[in-house]
Every structure is written in C-alpha cells, then in structure tokens.
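Enquirer: what follows is a predicted structure for the sequence shown.
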Amino acid sequence: MDIYDDSPITDSDAEDEESENEIDNVSVTIISSDESDDNVQPISYLSKDKKYKWSENIPENMGRSRAENIISSNLGVTSYAIARVESIESSFNLCFNQEMENIILEFTNVQGQLVFGTKWKAFDRLSLRSYIGLIILAGVYKSNHEAITNLWDEFSGRPIFRATMSLRRFQDITRVMRFDDRSTRPARRERDKLAPIRNLWDKWETNLRRLFHPYENVTVDEQLIPFRGRCPFRQYIPSKPAKYGIKIWAACCTKTKYAWRLQVYIGKGRNCQPEVNQGKRVVLDLIEGLVGHNVTCDNFFTSMELAIELKKRKLTMVGTIRRNKTFLPPIILNTKTMTRYSSSFLYNNETKILLVSYKPKNSKKNVLLLSSYHQDKHVADDEERKPEVIHFYNKTKVGVDSLDQLIGNYSCKRKVNRWPMALFSNMIDVSAYNAFVIYCEIYPSWNNILKYKRRLFLEELGRCLAKNEIIQRKSIPHVSKAADMVKSLQSSHNNPGQKRGRCYMCKIDRKHSNKCEICKRFLCSDHCHVSTKCDNCISVEFCL
C-alpha cells in the first residue's frame, strides 16, 4: 500500500504491499504456558524487536476506553468566534484578520515603490480586500485557470471585475505582493526556508485554532499545493494528481472538515539527514492542545510509540500499519492459514492496544490496523465480515482528503512563479472554507435546503469584499455601467422570490432570474454583458 494512498480499505488493498515484506516461513516466538484440561492459558507472541507481548486473549465487555476519550471543553465554534460573527464577511475577517492585512500592506507598498517608484499608487486595506474578493470570485466562476485579460474583457468578461479595479492595477498588485522584509530575508532564510511568508503563516494558523475546537475525531494527513516553479522544498509525490508541489501536514476535524492546524514541510535540515520518526513528530505537533480526541492517520504515521505517547496525552489512535514494522509479531503476517473474509486479533495488555489483521477477497496478503480506541473483536454481519476497526477507519480518515476536494471545487489558485503566492492562495481558500464552516455552525438555518450553499457563500463573500471599491469607483464614466450591472445582478440574486427561467442561450439547464432588457428572455450571468442585454440584441444594436 502506498504511503500516500488514502483510499478506503477494500479487497485489493492488501495486494499493494511491498513483495519484499512477504513472509513464507514465519518464525514465531511463543511464550509457552502450562496447559491442562482444566486450565488453558492463552498463547502470547513476542514482536520482532522483542519489546511487546501480544496475546490472543482480549478482555471482554471493556467497551470504549473512557480514560482517553473524555472531552471536557466545548466542541465546535468557540465563544470568541460566536461573539464576533454577524455576517458572512465578519466570519472571513476572523480567519484573515486585520493584523495579517497590515503585514501584507506594509511590505507590498515597499516593494511597489521599489519597482514603480513615484508611479505606484498606495496599496490600502480597501484595495487588498477587493483583490482578495476578486480572486475568490474567479474561483467561484471556475475562472482560476482562465486568462486574466478575459475576465476584464468588456464583452466576454464579468462586470464585477471591471467595476472593482482595472486590469493593470490587478496585475501590478500581483507582481509586487510581498509578505516580509526583503532586506532581512537572507539572514532569516539561513535559519528558516519559509522565511518569505513565515510571519504571516504563523499568525494565520493561530487564528484558525482560536475560532474552532474539533469534534471527537481528528484526521491527520498531508496536502499537496500544486506548484512547479523554483522552491527549495518542492516535493514530488507520484500518487497525487498534481505530482509536484508544496507539501503541508494537516490536522482537520473529521465531521466538519475544518482545517484546525497546518504545517508546511520544508524538507531536510541543514545537514541533509533524513528525520527519524518523522510521522510521530508530525502527529504530536499537529494535535498539540487536544485532549480526549481520536486521531486517525495512515501507515506513514502509525507506530506503537506514537500510540503509547497519545494515550499518555489522553488521546487514542486508529491507523493502518506497514508490514515491516518491528512491533508486529511475525504470526500476524502469516496469511496461509487465513481464509477469505477472516480476521485475527491480538491484544497488548500493558498498553491496551488492539492489533487487527483482515484478509480481503482474492488477496494473498492481509490488511493490518492498530487501534487504541477499540478493545473488542466486533465484526460486521455482512458478507465481507470486516472488523469494526476497518469501518471506523474508513469513516474517519477522509477529513483532509475531503477538505482538498471541497477547496478544489472553487479554488482561487492561479499559475504563479513565486511559491509564497501559491501558499497565499491556499491560505485564502482554507480561510474561506473555514469561514463557511463557522458561519453555518452559528447560523445552521442559512440556506439549509440548498445543496450549493457554499457556492452562494463564496459568491456573497467576494461581492462583500469588493463592494466598497465598486462604490468608490462608480463616478468613473466607463465604470458606471459595469457598476450598475453588478448592482442589478446582486439585487436579483438577493430576491429568491423572483421568477426564474432557463437561459435560452445555454445548452445546459441553468435557471436564472436575469432577463434581457429588449427581448425579455431569461439569461445567465455568462451571457449578460455591459448591461442586461443578451448577445443577440447587442449584435443587432451594433449593426444598426
């Protein structure tokens, strides 16, 4: 099984293990005991490293371990966030607060004056929020890979981009945006590869933990931000769709997919030596501050030492295991005596940790899992007879993968040549999603019946961030028409009772409330240009 493979455990997963770990003749160290007809002691097996003793005898009726899974703090949105969230915009402001904005404004203005001199127009908070609003809207409209010139085009573009700022202004801001002091960067980079964005990243990550407390289950896994430019810690992960990019260790709430803590992997240290027990170190860093939760991770992180350390911190763990781990007893790797859909369980009485082996259909190898959360042999009653540990793992391991999928649907990431901008785009995506989670937790009835309410949230957020700039620029003659168009679209969007119909120019069934001013037929936002007129009516007016 690939160390980056996070797919659910199925029948074919056991066949993906390395063939070099297959054991034909298993040498088992058995701790024998006196056996008689009246008293039969359970057989125990020593692990490969002789440190752990595994027994087939599992205590009955112990159920869930209460000592490690008692959460005394409140779960979900914190009181700090509840007291400050009044609107969609305010929920985003908590994730991306004014302190972070001041860092961007300070160093962007310094770089802007260095590049453009006296021609540089001061970059203020209003312009920064408008810039963020536009890249969010580009992600909502699936235009993050579209040429910027097309977004500002008078006929094929969207009016809100022209109404908010000029194309040249947007390009200049993207060019000079910086997040640190350029003069002191070389010295800081000697100690920290993430120096160009470290200060902003740390403040942002602290904000995320202040606003939300994860529910009972937490998922730890890695993300990969697509990036193929020059970066001292760029990674190659062939199992990921993007393959090349910046790797981030992430811990998120399994229930809400809220990104609670993130850590950028900056590669090997100055001595270029591989880190020992990296998986253990990453998990302990990411879950710092949690008590009573269960941590689900894949076989890259799972180890006996990690499970024991988590139990000391009043936490439990469930994860898959690599076959070459030394804490495994050799008997658990032997599949010759196992039949299809069969399971075997071993228990360590000292640490109260359960080891599970399951053989899927038509597979020569078994699936191994370690759990300090479960303490029984419960197996499902269906045909596959999977242990409860596997069902629990498949249910709770999807947190980070689901977060990646949700962010990717409306991502604002664009092709850039500077890796700090790639991280900045990911910060905006995660902040917008976390703001959505916070707002829906506080106001659960908001558009509750709609399946696409996150798209409405992001669209409203982008408009709220850009509206003040639109109002300020409305006096410009060539902008007034676009501003009026934005206002009419927003008023029709905020009036759900208005009659809706299918756009007559679209080939797919998309219903909208906009109408052409001349022919009075329904139009989608893609076919409304300059004013609420369709392309056919505009072409007729042009010919006349």
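Expert: Received the coordinates, thanks.
Enquirer: tell me which element residue 172 is part of?
Expert: In the assignment (DSSP states H and E), residue 172 maps to helix 167-176.
Enquirer: ok, which stretches of the stretch 401-544 of the chain are strands?
Expert: 501-502, 511-512, 514-515, 522-523 (DSSP state E, counting those that start in this stretch).
Enquirer: just to revisit the earlier point, hmm, who's touching the next helix or strand after the helix holding residue 172?
Expert: Downstream of helix 167-176, the first helix or strand assigned by DSSP H and E is helix 185-191. Helix 185-191 is contacted from outside by 180, 195, 196, 198, using CB atoms under 8 Å, 6 or more residues apart in numbering. No exception for glycine: its C-beta is placed from N, CA and C like everyone else's.
Enquirer: helices or strands up against the helix or strand following helix 185-191?
Expert: Remark: after helix 185-191, the chain's next helix or strand is helix 198-211, criterion DSSP H and E. With contacts taken as 3 or more CB pairs under 8 Å, 6 or more residues apart in numbering; DSSP states H and E, helix 198-211 sits against helix 79-82, helix 88-95, helix 98-116, strand 259-264, helix 419-442.
Enquirer: how about helix 198-211: buried residues?
Expert: 198, 199, 200, 201, 204, 205, 207, 208, 209, 211 (16 or more other CB atoms under 10 Å).
Enquirer: now those in JSON lines, with distance to residue 504?
Expert: What follows is these, written out as JSON lines (distance: CB to CB, whole Å):
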{"residue": "198", "distance to residue 504": "53"}
{"residue": "199", "distance to residue 504": "52"}
{"residue": "200", "distance to residue 504": "47"}
{"residue": "201", "distance to residue 504": "48"}
{"residue": "204", "distance to residue 504": "45"}
{"residue": "205", "distance to residue 504": "48"}
{"residue": "207", "distance to residue 504": "46"}
{"residue": "208", "distance to residue 504": "45"}
{"residue": "209", "distance to residue 504": "50"}
{"residue": "211", "distance to residue 504": "45"}
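Enquirer: show residues contacting stretch 299-314.
Expert: Taking CB under 8 Å, 6+ apart as the rule, stretch 299-314 contacts 1, 3-4, 52, 67-68, 70, 220, 277, 279-280, 282-284, 287, 291-292, 295, 316-317, 319-322, 325, 327, 351-353, 370, 372.
Enquirer: show me the residues you listed that map onto helices.
Expert: Among the contacts of stretch 299-314, the members found in helices (DSSP state H) are 279, 280, 282, 283, 284.
Enquirer: so which of these wins on neighbours?
Expert: Within those, residue 283 tops the neighbour count with 26 neighbours, counted by other CB atoms under 10 Å.
Enquirer: look up how far residue 306 lies from that residue.
Expert: Separation of residue 283 from residue 306 (CB to CB, to the nearest Å) stands at 6 Å.
Enquirer: repeat for residue 160
Expert: 49 Å.
Enquirer: any regions of the stretch 151-300 of the chain where pLDDT drops low?
Expert: Residues of the stretch 151-300 of the chain that meet the criterion pLDDT under 70 lie in 269-272.
Enquirer: how long is stretch 221-240 end to end?
Expert: Taking CA to CA, to the nearest Å, stretch 221-240 runs 13 Å from one end to the other.
Enquirer: residues making contact with it?
Expert: For stretch 221-240, contacts defined as CB under 8 Å, 6+ apart pick out 2, 4-6, 193, 242-250, 262, 264-267, 297-298, 397, 399-401, 403-404, 413, 416-419, 422-423, 426.
Enquirer: can you point out the buried residues in it?
Expert: Quick answer for stretch 221-240 (16+ other CB under 10 Å): 221, 222, 223, 224, 225, 226, 227, 231, 234, 235, 237, 240.
Enquirer: among these, name the ones in strands.
Expert: 221, 222, 223, 224, 225, 226, 235 (DSSP state E).
Enquirer: gap between residue 287 and residue 81?
Expert: For residue 287, the distance to residue 81 equals 21 Å [CB to CB].
Enquirer: is the closest residue to residue 58 other than its chain neighbours in a helix, a strand, or coil?
Expert: Closest residue in space to residue 58, ignoring its immediate chain neighbours: residue 347 at 4.5 Å, by CB to CB, 6 or more residues apart in numbering. Residue 347 falls in the strand class when you classify it by DSSP: H, G, I helix; E, B strand; the rest coil.
Enquirer: quick one: which of the contacts of helix 185-191 is nearest to residue 381?
Expert: Nearest to residue 381, judged by CB to CB, of these is residue 198 at 52.6 Å.
Enquirer: thought that closest one was touching residue 180?
Expert: Yes: counting by CB atoms under 8 Å, residue 180 is a contact partner of residue 198 at 7.3 Å.
Enquirer: where in the stretch 401-544 of the chain is pLDDT low?
Expert: 477-500, 507-513, 517, 525-533, 535-536, 538-544.
Enquirer: show the contacting residues for the spatially most central residue of the chain.
Expert: Centroid-nearest residue in the chain: residue 403, 3.5 Å away (criterion: CA atoms, centre = their mean). When contacts are counted by CB under 8 Å, 6+ apart, residue 403 is found next to 223, 250, 252, 257, 259, 430, 433.
Enquirer: residue 119: how many residues sit nearby?
Expert: Residues within reach of residue 119, counting by other CB under 10 Å, total 9.
Enquirer: angles on the backbone of residue 417, please.
Expert: Dihedral pair for residue 417: phi -100, psi -10, per degrees, to the nearest 10.
Enquirer: ok, it to residue 230 distance?
Expert: Separation of residue 417 from residue 230 (CB to CB): 8 Å.
Enquirer: what do you get for residue 163?
Expert: Distance of residue 163 to residue 230, computed by CB to CB: 36 Å.
Enquirer: just the strands in the stretch 251-400 of the chain please.
Expert: Under DSSP E, counting those that start in this stretch, the stretch 251-400 of the chain gives strands at 259-264, 294-297, 316-320, 342-348, 353-359, 367-371.
Enquirer: how about TSV for those strands, with distance to residue 46 and mean neighbour count added?
Expert: Putting these into TSV (distance: least, CB to CB, whole Å; neighbours: other CB atoms under 10 Å) gives the following:
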stretch	distance to residue 46	mean neighbour count
strand 259-264	36	22
strand 294-297	26	27
strand 316-320	22	26
strand 342-348	11	20
strand 353-359	13	24
strand 367-371	17	24
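Enquirer: tabulate these (CSV), appending distance to residue 120.
Expert: Converted to CSV, the strands of the stretch 251-400 of the chain look like this (distance: least, CB to CB, whole Å):
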stretch, distance to residue 120
strand 259-264, 30
strand 294-297, 48
strand 316-320, 52
strand 342-348, 65
strand 353-359, 61
strand 367-371, 57
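Enquirer: between these, which gets nearest to residue 216?
Expert: Closest approach to residue 216 among the strands of the stretch 251-400 of the chain (CB to CB): strand 294-297, 6.3 Å.
Enquirer: outside of that closest one, which residues touch it?
Expert: Under the criterion CB under 8 Å, 6+ apart, residues 69, 216-221, 254, 279, 283, 287, 310, 315-319, 373, 393, 396-397, 399 lie in contact with strand 294-297.
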